[in-house]
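Colleague: Compute the structure for the input listed below.
(2 chains)
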Amino acid sequence: MTSLAQSPSAKSASVRAPGAAARLMAHRDWLGFWFMLPAALILISLLVYPLGLGVWLSFTNATIGDPGKFVGLDNYSWILGDATFLHSIVFTLAYTLIASSIKFALGLYLALLLNKRLPFKALVRSIILIPFVVPTVLSAIAFWWIFDAQFSIISWSLIKLGLISHNIDFLGDPMLARACVIFANIWRGVPFVAITLLAGLQTVSPSLYEAATIDGATPWQNFRFITYPLLTPIIAVVMTFSVLFTFTDFQLIWVMTRGGPVNSTHLMTTLSYQRAIIGGSLGEGAAISTSMIPFLLAAILFSWFGLQRRKWQQGGQA
Amino acid sequence: MFNLSRRSIIKGAGLAGLAGATSLEGFAKAWAETTSWKPEAGASLQLMRWKEFIDAEGKSFDAIVAAFTKATNVKVQVTREGLDDVQPKASVAAATGQGPDIVWGSYSLPQLFPTKCVDMTDLADYLGKKYGGWTPGPAAYVISKGKWLGLPIATNGNYINYRTSAVNKAGFKEIPKDFDGFLALCQAMKKNNTPAGFALGHATGDGNSFIYWMLWGYGAHLVDDKGKVVINSPETAKALEYAKKLYPTFIDGTPSWNDGSNNKAFLAGDLYLTGNGISIYVAAKTAGAAGDAKMKAMAEDINHAYWPVGPTGKVAELQSVYPMMAFNYTKYPNACKAFMAFMLEAKQFNQWLIDSQGYLTETLKAYDKNPVWTMDPKAAVFRDASNRCTVLDGMSANPQKAAESIADFVVLDMFARYCTGQDTLKGSIANAERQAKHLFG
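Modeller: Numbers count the residues shown, from 1 in each chain, chains lettered A, B, ... in the order given. Prediction:
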């Protein structure tokens, strides 16, 4: 750098200012760029590249052990005629919708409850977090046993109580299996919603409730006109995350059912893994996971624009 | 250590093991001097194998590795992966050109990367000549265009496991040898509340063995020898109809089963007939020998039988072969060959078969005389696993796609869809046909 600055051709310039490169390094408008560069590189290498590679693979007939050739939209036209794939879209949407709504309702209810003065408040709050703290695979294995065809504790108890005579076929019956995996997802996801909403609730100033109560507001009115509006931004963030997590769930399903019985609990993620890694058709698996992007994008845009319309985001009052 | 050895001597079973352990070394040294498979100087190997299902087999394998190292000074580092994880890891190694030198997996693993394997043809010829020839079924899993991509070390036999008392109570002296008789047996067992059950979930070993037995029993195939998809046939329909009649006799939950589910249900006393390796019996026998009276009684009640033969009158069974291969990025191809040669020599291999207790069946014909097949008459059925092993549909036309069709459960899902009422007969066949045409088309 210095040798460049002192070379004859650059000499005249160096009288007034340092070399172009050095100027670029120090220029006010560029400085921000330089500072951002490391982070951008990390993002590009860890996020953009894999994502781009996934999209590229979806346009090839790559298999494990063979990079494959460009085949255009072949993979997409193939999966669009595949009953299992179409079913997995419907189930992924149903899974996300049902699980997220119930998680929201239960989470909000729990948060309101925990925000009250309870005996052993700290202890109760920690207990609530347990499902979230346990590694997913562990809880999935526990549920797998709870819903086992032969060794289910639920079936066993009901038989001992004389209420039923046969084991319940939890994971062998498609409808029941779907219900079971949704149940397991709710169990796992509720604490996240509850604790985050609780954090939001605690930022609501008690004086607002006092004022409202003096004005004769009922508990419902307190909730409807104070709690709910002030909680909305948190709800939007929490539910965005909750929807994204649920939509991209993998471990629970893979451990509990591997997408069975008869592919009835395949999410797009598990089907993609089955086709790409187990079945070996990397291109097809990549096409399935790439097909998730529009749905995820829609979910993000929905909450983003939903959030932007709120006055509070522009610094206004709710 | 001494005590342990002494106890096993008294038990008798370990006698051969101990004798083997001491003389193995001597043999290994002599072998290393005379063998034509000389490892490169300073060679060391990394070997990835499937995690053993029978403890004694794993220990026996480690003893072979140790003896090989002593005799040749080639260090062998063994890593163990769950059977389902071996293939993905091997694929990464193949793609990146680094990783284990030797991989030991299942089914047609080497066929997934035919250009990345060390050619084993000379070694296969040598062993074949020395030990009475290879059984053709398992060999087909590793041969590509006349070239041996690896060696089919052994076959994991999958046969009917049943409780003699339950079968007798249903009015049968033994497992019927035809499809109709077998259906009648299962129906009678269901009535007695001692049900049969076969995996219809994504159980790689048990599920596939079960459904290919019915498919082939009626003479139906996914693809023909030339790779043409022929699943949409009246024979397939007949096989599906048979499965549909068999399915209601099963214990509940078989569509959710994996490879381990039937083992657990059987040992818990809920299941009385299933398709499996010998591992259920070995588990009961081992627990019985350790003093569990209930398991001892169960082991005495368990027996094994061949799959009944279908209307075609031809034996057709899908058995999982465990092939071993070496990647051609290895710096020590001769050491890889030397290890495989050493393992398959009689001195090691016979002991290893005995320690596997019938879970693994030889693919070299000379080992048919191994005492494991006569020591316990209940293991005798598994001796024929390699002989009766039928080559997977599409293996001759396109081994890679054949491997993919079984990995993606194309045929198994067809049966499961129809049996569980998820789809019509035509619909489930059409679905499988579409998938198969996509693969082989």
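Colleague: quick one: contacts for A:L80?
Modeller: A:L80 is in contact with A:L86, counting by Cβ atoms under 8 Å, 6 or more residues apart in numbering or on different chains. For every residue, glycine as well, the C-beta is placed using N, CA and C.
Colleague: how much space between it and A:I288?
Modeller: Here the distance between A:L80 and A:I288 works out to 11 Å (Cβ to Cβ, to the nearest Å).
Colleague: For B:K191, grab the count of nearby residues.
Modeller: For B:K191, the neighbour count with other Cβ atoms under 10 Å in any protein chain shown is 11.
Colleague: What parts of chain A come near chain B?
Modeller: If contact is defined as Cβ under 8 Å from any Cβ of the partner chain, the residues of chain A in contact with chain B are A:63-65, A:78, A:81-84, A:148-151, A:166-167, A:169-172, A:174, A:177, A:257-264, A:274-275, A:277-281.
Colleague: Repeat the analysis, applying 6 Å as the threshold.
Modeller: With Cβ under 6 Å from any Cβ of the partner chain as the criterion, chain A meets chain B at residues A:64-65, A:78, A:83, A:149-150, A:167, A:169, A:171-172, A:258, A:260-262, A:277-280.
Colleague: for B:S108, what are its contacts?
Modeller: B:Y141, B:P399, B:A403 (Cβ atoms under 6 Å, 6 or more residues apart in numbering or on different chains).
Colleague: oh sorry, the question was meant for B:A432
Modeller: If you count contacts by Cβ under 6 Å, 6+ apart, B:A432 has them with B:I231, B:V410, B:M414.
Colleague: for the closest residue to chain A within the stretch 301-441 of chain B, phi and psi?
Modeller: Of all residues in the stretch 301-441 of chain B, B:D408 sits closest to chain A, with a separation of 3.5 Å (Cβ to the nearest Cβ). Per-residue torsions, B:D408: phi -100, psi 10 (degrees, to the nearest 10).
Colleague: contacting residues for it?
Modeller: B:D408 touches A:G279, counting by Cβ under 6 Å, 6+ apart.
Colleague: Could you check the pLDDT of it?
Modeller: For B:D408, the pLDDT comes out at 87.
Colleague: what do you get for B:I10?
Modeller: 39.
Colleague: just so I have it, where are all the strands in chain B?
Modeller: If you assign secondary structure with DSSP state E, the strands in chain B sit at B:44-50, B:75-81, B:102-104, B:143-144, B:147-148, B:151-156, B:159-163, B:273-276, B:302-305, B:320-326, B:361-362.
Colleague: what's the spacing between B:N263 and B:G441?
Modeller: The value you get for B:N263 to B:G441, if Cβ to Cβ is used, is 38 Å.
Colleague: neighbour-wise, which of the two wins?
Modeller: Summary of the neighbour comparison: B:N263 and B:G441, criterion other Cβ under 10 Å, with B:N263 having more neighbours (19 against 10).
Colleague: According to the record, where do the domains of chain B fall?
Modeller: The domain map for chain B lists B:2-157+B:319-384, B:159-318+B:408-440, with the assignment taken from automatic domain parsing.
Colleague: weakest of those in terms of mean pLDDT?
Modeller: domain B:2-157+B:319-384 (a mean of 87).
Colleague: what's the neighbour count on A:P135?
Modeller: Counted with other Cβ under 10 Å, the neighbours of A:P135 add up to 9.
Colleague: hmm, I was thinking of A:P233
Modeller: When neighbours are counted by other Cβ under 10 Å, A:P233 registers 15.
Colleague: cool, A:I130 as well?
Modeller: Other residues lying near A:I130 total 10 when counted by other Cβ under 10 Å.
Colleague: Need the three-state assignment for the residue in the stretch 51-200 of chain A that chain B sits nearest to.
Modeller: Distance from chain B to each residue of the stretch 51-200 of chain A (Cβ to the nearest Cβ) is smallest for A:A149, at 2.2 Å. Using DSSP: H, G, I helix; E, B strand; the rest coil, the three-state assignment for A:A149 comes out as coil.
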